[in-house]
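S.K.: Please work out how this folds:
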Amino acid sequence: MSDRDTDDTLAPDEHDHHDSDTPEPRPDHRTTAPQSPYTNRDVGVGFVVALVGMLVVFVVPILLTL
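M.R.: Take a look at the predicted model:
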């Protein structure tokens, strides 16, 4: 019996709620940010994006009020 089989003798609310028709993601294909490797280039791109964002948020409004 696999872990996907259901026991029909249980009431509907007694079944495991994690059973579904969609397959679970494979653990070896799963990635999350803290575990994902990143390079110095990735850090540089993030820094540039942050600088552009701060420019838009702070400098552009100041220039528009002059």
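
S.K.: What's the local residue count around Gly44?
M.R.: Residues contacting Gly44 under the criterion other CB atoms under 10 Å number 10. Every residue, glycine included, has its C-beta placed from N, CA and C.

S.K.: ok, so what distance separates it from Tyr38?
M.R.: Here Gly44 is placed at a distance of 11 Å from Tyr38 (CB to CB, to the nearest Å).

S.K.: Run through the chain and note the low-pLDDT ranges.
M.R.: 1-20, 25-35 (pLDDT under 70).

S.K.: What are the boundaries of the strands in it?
M.R.: Assigned by DSSP state E, the chain shows no strands.

S.K.: Scan it for its longest helix.
M.R.: helix 40-54 (DSSP state H).

S.K.: Buried residues in that one, which are they?
M.R.: Within helix 40-54, no residue counts as buried by 16 or more other CB atoms under 10 Å.

S.K.: What distance do you get for Leu66 to Thr39?
M.R.: Counting by CB to CB, the gap from Leu66 to Thr39 is 40 Å.

S.K.: and what of Val56?
M.R.: With CB to CB as the criterion, Val56 and Thr39 are 26 Å apart.
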